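Asker: Kindly generate the corresponding structure for this input.
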Amino acid sequence: MEKIKYCFVVLTYNGFNDFKKLYRSLSNIQEKFAVVLVDSFSSELNRTIGESIAGQLNIDFISVPNRGYGAGNNVGIKFAIDNYNFEYLIIANPDTIIDKIDYNIISNYGENVIIGPQITNFNGKNKNPLYFKKYKLPFSILRQYVRNRSLSLLYIYLALNKIYSIFFRLKYRRRNPIGVYALHGSFMIIGQKALSKLIPLFDERMFLYAEENHVAERAKSLNIPLLLDKNLQVRHKENGSTTTEDVNKDQKHTLQSLRVFFENRY
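Answerer: Model (predicted):
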């Protein structure tokens, strides 16, 4: 297999319009790359549209049953490993847009690493990292929320997490790169050596949410650093493929994923 620098795995559900914008932003990349577009099957029509887009762009296309974020990405990752000799695998949401990805920056870290760019939403708010550190008190409250489903505990967790995040964002505002606990899952750059240790990357019992925490714990147990480099820059639309019906399912999926996360022994 020909050696390439990057292989992108993009899982989409009703998100082909967003994906076209992401693909156009790949013109900012000078190095050779491949793209694996995974359709988490939403309808026969969407599969046909996805196949057509992939054919026009000369990229790979896979249609899989909708078994969740982790399961869909795992299929795409396996295809990438089987078909490409890459240095870095990039998990990208279809509603992301690349502003700056610099191979010289990324390659300096080697391939036993997971790297996150500075991710901002379209209002300019920073989204990365998900957690600077594993905040003991908020995570303890989050565990209690999973046990008894008290919304008051969830609100306390969210408030405390925001306070901790603001504190560390101010503390580390002049530092780059930053070693972090968990990176935002919308765009992760994973070195080939790190990926080979982490396969399968995602726990497929998590349908949606908390996957970043799972990856963080696995990486920590295998001495794989997670780094935020603010010189790499990506914008994230957020919920670009989420419908009203999906939003109504958020709490159910969140509770299930968090339950799996806290049950795991890393």
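Asker: Could you pull up the residues touching residue 213?
Answerer: Going by C-beta atoms under 8 Å, 6 or more residues apart in numbering, residue 213 touches 130-131, 182, 261. Using the backbone N, CA and C atoms, a C-beta is placed for each residue, glycine as well.
Asker: swap the cut-off to 6 Å and go again
Answerer: Contact analysis of residue 213 by C-beta atoms under 6 Å, 6 or more residues apart in numbering lists 182, 261.
Asker: ditto for residue 180
Answerer: If you count contacts by C-beta under 6 Å, 6+ apart, residue 180 has them with 129, 132, 226, 228.
Asker: Farthest pair within the residues you listed?
Answerer: Distances among the contacts of residue 180 were taken as C-beta to C-beta; the most separated pair is 132 and 226, at 10.5 Å.
Asker: Counting neighbours, go ahead and name the busier of those two.
Answerer: The neighbour count for residue 132 versus residue 226, taken as other C-beta atoms under 10 Å, is higher for residue 226 (25 against 19).
Asker: Centroid-nearest residue for this protein?
Answerer: When C-alpha atoms, centre = their mean is applied to the chain, the residue found nearest the centroid is residue 185 (2.2 Å).
Asker: Using the three-state scheme, assign the closest residue to that one other than its chain neighbours.
Answerer: Setting aside the residues directly before and after it, residue 185 is nearest to residue 212 in space (C-beta to C-beta, 6 or more residues apart in numbering), at 4.4 Å. Using DSSP: H, G, I helix; E, B strand; the rest coil, the structure places residue 212 in helix.
Asker: Tell me the predicted confidence for residue 212.
Answerer: pLDDT recorded at residue 212 is 96.
Asker: Skipping its backbone neighbours, what lies nearest residue 231 in space?
Answerer: residue 105 (5.6 Å).
Asker: Tell me how far that neighbour lies from residue 253.
Answerer: In this view, residue 105 and residue 253 are 34 Å apart by C-beta to C-beta, to the nearest Å.
Asker: likewise residue 75?
Answerer: Plainly put, residue 75 is 19 Å away from residue 253 if you go by C-beta to C-beta.
Asker: go on, residue 260?
Answerer: 11 Å.
Asker: What ranges does the chain have for its strands?
Answerer: 3-12, 33-40, 60-64, 85-92, 96-100, 114-121, 178-179, 187-191, 226-236 (DSSP state E).
Asker: most tightly surrounded among the ones you listed?
Answerer: Of all the strands of the chain, strand 187-191 carries the top mean neighbour count, a mean of 25, counting by mean count of other C-beta atoms under 10 Å.
Asker: And the helices in the stretch 101-250 of the chain, which stretches?
Answerer: Counting by DSSP state H, counting those that start in this stretch, the stretch 101-250 of the chain has helices at residues 103-107, 136-148, 151-171, 192-198, 211-221, 244-248, 250-263.
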